[in-house]
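A.B. asks: Next comes the sequence, and after it the predicted model I'd like to discuss.
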Amino acid sequence: MSDPFGRFHRREVRARLAALEAEVQEQRQLSRRVAELTDLVTDLLVPLSQRDHLGVEEIVERYRASV
């Protein structure tokens with residue numbers, strides 16, 4: 001005897017799997033963005049500590065061009 005709820009259950013599982021895959025992709029994008037911003041802040045620390053305003057402007061311009 002077949003399970004009358006089996007088909008419904010499989011659809012739910014597939015839908016949940018698709019939602020989880022989308023969430024994982026979103027999390028990857030957010031992690032990449034955090035890494036990019038961390039790199040930017042790290043790159044800015046030395047010029048800022050040395051009061052190198054031209055160096056800061058150069059780093060910010062490179063960042064803006066990459067976004």
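C.D. replies: Sure, I can see it. Numbering: from 1, shown residues only.
A.B. asks: Which residue comes closest to residue 48 once chain neighbours are left out?
C.D. replies: In this structure, residue 48 finds its nearest non-sequential neighbour in residue 56, 6.1 Å apart by Cβ to Cβ, 6 or more residues apart in numbering. (C-beta placed from N, C-alpha, C; glycine too.)
A.B. asks: residue boundaries of the helices in the chain?
C.D. replies: 6-49, 53-66 (DSSP state H).
A.B. asks: how about those in JSON lines, adding mean pLDDT?
C.D. replies: Below are the helices of the chain laid out as JSON lines (pLDDT from 0 to 100):
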{"stretch": "helix 6-49", "mean pLDDT": "91"}
{"stretch": "helix 53-66", "mean pLDDT": "88"}
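A.B. asks: Mind putting those helices into CSV with mean neighbour count?
C.D. replies: Putting those into CSV (neighbours: other Cβ atoms under 10 Å) gives the following:
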stretch, mean neighbour count
helix 6-49, 11
helix 53-66, 12
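A.B. asks: Could I get the CA-only coordinates of stretch 46-66 as PDB?
C.D. replies: Output in PDB follows, covering the C-alpha atoms of stretch 46-66 (Å, rounded to 0.1, in the frame of the first residue of the first chain):
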ATOM      1  CA  VAL A  46      48.000  52.300   8.100                       C
ATOM      2  CA  PRO A  47      47.400  55.400   5.900                       C
ATOM      3  CA  LEU A  48      45.000  56.800   8.600                       C
ATOM      4  CA  SER A  49      47.400  56.200  11.400                       C
ATOM      5  CA  GLN A  50      50.100  58.000   9.400                       C
ATOM      6  CA  ARG A  51      47.700  60.800   8.500                       C
ATOM      7  CA  ASP A  52      48.300  60.000   4.800                       C
ATOM      8  CA  HIS A  53      45.200  61.600   3.300                       C
ATOM      9  CA  LEU A  54      46.300  61.000  -0.300                       C
ATOM     10  CA  GLY A  55      46.700  57.300   0.500                       C
ATOM     11  CA  VAL A  56      43.300  57.200   2.000                       C
ATOM     12  CA  GLU A  57      41.700  58.800  -1.000                       C
ATOM     13  CA  GLU A  58      43.500  56.400  -3.300                       C
ATOM     14  CA  ILE A  59      42.200  53.400  -1.400                       C
ATOM     15  CA  VAL A  60      38.700  54.700  -1.200                       C
ATOM     16  CA  GLU A  61      38.700  55.500  -5.000                       C
ATOM     17  CA  ARG A  62      39.900  51.900  -5.700                       C
ATOM     18  CA  TYR A  63      37.100  50.600  -3.500                       C
ATOM     19  CA  ARG A  64      34.500  52.700  -5.200                       C
ATOM     20  CA  ALA A  65      35.700  51.600  -8.600                       C
ATOM     21  CA  SER A  66      35.400  47.900  -7.600                       C
END
